[in-house]
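A predicted structure for the sequence below; I have some questions about it.
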Amino acid sequence: MKVYQDLVERVLDNGVRKQNRTGTDTISSFSEFYKIDLNDGFPLLTTKKVPFRSVILELLWYLRGEDHIRWLRDEKDCHIWDAWADEDGHVGPIYPVMWRKFPYFEETEIDLEGNAGKVKKRVYEKKEFDQIRHAVDTIKNNPESRRIVINAWHPGLIDQMALPPCHVMFIFNVSNGRLNCHLTQRSGDIALGIPFNMACYAALTMTIAKLTGLEPGFFAHTIVDAHIYVNHIDGLKEQLKREPRAMPELQISGEDIDELDLEHFRLLNYDPHPRIPFEVAV
Ligand SMILES: Nc1nc(=O)c2c([nH]1)NC[C@@H]1CN(c3ccc(C(=O)N[C@@H](CCC(=O)O)C(=O)O)cc3)CN21
Ligand SMILES: O=c1ccn([C@H]2C[C@H](O)[C@@H](COP(=O)(O)O)O2)c(=O)[nH]1
């Protein structure tokens, strides 16, 4: 994909070397953006083999709403999140919880009989907000809405999260019968994370488009700190030498978001260059 090659080149050309908490320096570029038309094909890189199964499993795991990785790690044998989990698989209230069970409090007043007669007391009930279900319902019922926002950042809970969310907020937008998605990512690992993130959100957008009777539109992606870990530079330069091939096709069978499984996603005509191993910075 040319947009990815261009992104890698911009970060290498314009980025500055930065230290960070992982101990592996990055070449970092502030505020990068690209936009792809999902009608051109499914954006799974062809300049290296990206593990499609892991991409879809990660998306399905986000949709499960759990605060642990036991399904992903133990049932599905996918290990991309292992390094951030404890022995029980616990990762805290990260994406799955924020997407499906965003916590909030509902305030009500109740009347109490006190010594001095009736008194009002405020009570707070803990509730969970399903942002994905709300987005699907709004896309169906009020597609012109400009408020179809899903937010994974919860300042009060960051300390409980194994890793503060990187893809922090996304917005759906319906134009001309097409479903667009814009993702804002605060921090993006160009070699490892971004290929997963772009395919994951493309698959999510295509899934929700199918469910709501729309055509897929654009996936647009803003990456605030777009960085290349210095030990990934050689692998990415190798990728730049490779000629991008035709984008594969993704077929989705149209199940509801709570019924989806791996078998509902079929990847066709994926013919990538060989895998390039990159070490993940923890
Ligand atoms: N430094 C860093 N970069 C990331 O991209 C990242 C994190 N940390 N922390 C949280 C998640 C975990 N993500 C990951 C973690 C590992 C792979 C990875 O190892 N991918 C390999 C093979 C995976 C497989 O075969 O299933 C790859 O070749 O893409 C990818 C994304 C993305 N995120
Ligand atoms: O989906 C993801 C998750 C993580 N990343 C990358 C971005 C950074 O390299 C690290 C997170 O480190 P912070 O210090 O918290 O920014 O993980 C990604 O690209 N995509």
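On my side now, so go ahead. Numbering: from 1, shown residues only. Ligands and ions are numbered 1, 2, ... in the order given.

contacts and neighbour counts: CA atoms only from here.
Noted.

can you pull out the strands in this structure?
Ranges of strands in the chain, per DSSP state E, are 16-18, 26-37, 102-114, 117-129, 149-151, 167-175, 178-189, 215-229, 249-252, 265-268.

please name whichever of those is nearest to ligand 2.
strand 178-189 (3.5 Å; CA to the nearest ligand atom).

what residues does the stretch 101-250 of the chain put near ligand 1?
189, 192-193 (CA under 6 Å from any ligand atom).

5 Å instead?
For the stretch 101-250 of the chain, the residues in contact with ligand 1 (CA under 5 Å from any ligand atom) are 192-193.

residues from the stretch 101-250 of the chain in reach of ligand 2?
187-189, 193.

what sits against the spatially closest residue to C78 that is not a sequence neighbour?
Distances taken as CA to CA, 6 or more residues apart in numbering put L72 closest to C78, at 5.5 Å, once the chain neighbours are dropped. By CA atoms under 8 Å, 6 or more residues apart in numbering, L72 lies in contact with 57-58, 61, 78-79.

kindly recompute the last result at 7 Å.
57, 61, 78 (CA atoms under 7 Å, 6 or more residues apart in numbering).

what does the top helix by length along the chain rub up against?
Taking DSSP state H as the criterion, the chain has its longest helix at helix 193-211. Defining contact as CA under 7 Å, 6+ apart, one finds that helix 193-211 is touched by 43-45, 55-56, 59, 136, 179, 181, 188, 215-216, 219, 252, 254, 256.

among these, name the buried ones.
Applying 16 or more other CA atoms under 10 Å to the contacts of helix 193-211, the neighbour count classes 43-45, 55-56, 59, 136, 179, 181, 188, 215-216, 219, 252, 254 as buried.

closest to D37 among those?
Closest approach to D37 among the buried ones among the contacts of helix 193-211 (CA to CA): F219, at 6.5 Å.

right, and that closest one touches I36 too?
Yes. At 5.3 Å, F219 counts as touching I36 under the criterion of CA atoms under 7 Å.

identify the contacts common to those two.
Joint contacts of F219 and I36 (CA under 7 Å, 6+ apart) do not exist.

which positions within stretch 209-228 qualify as buried?
209-212, 214-228.

check stretch 9-16 too.
Buried, per 16+ other CA under 10 Å, within stretch 9-16: 11-12, 15.

what does stretch 134-149 give?
Result for stretch 134-149 [16+ other CA under 10 Å]: buried residues 135-136, 138-140, 143, 148-149.

right, I'll leave it there.
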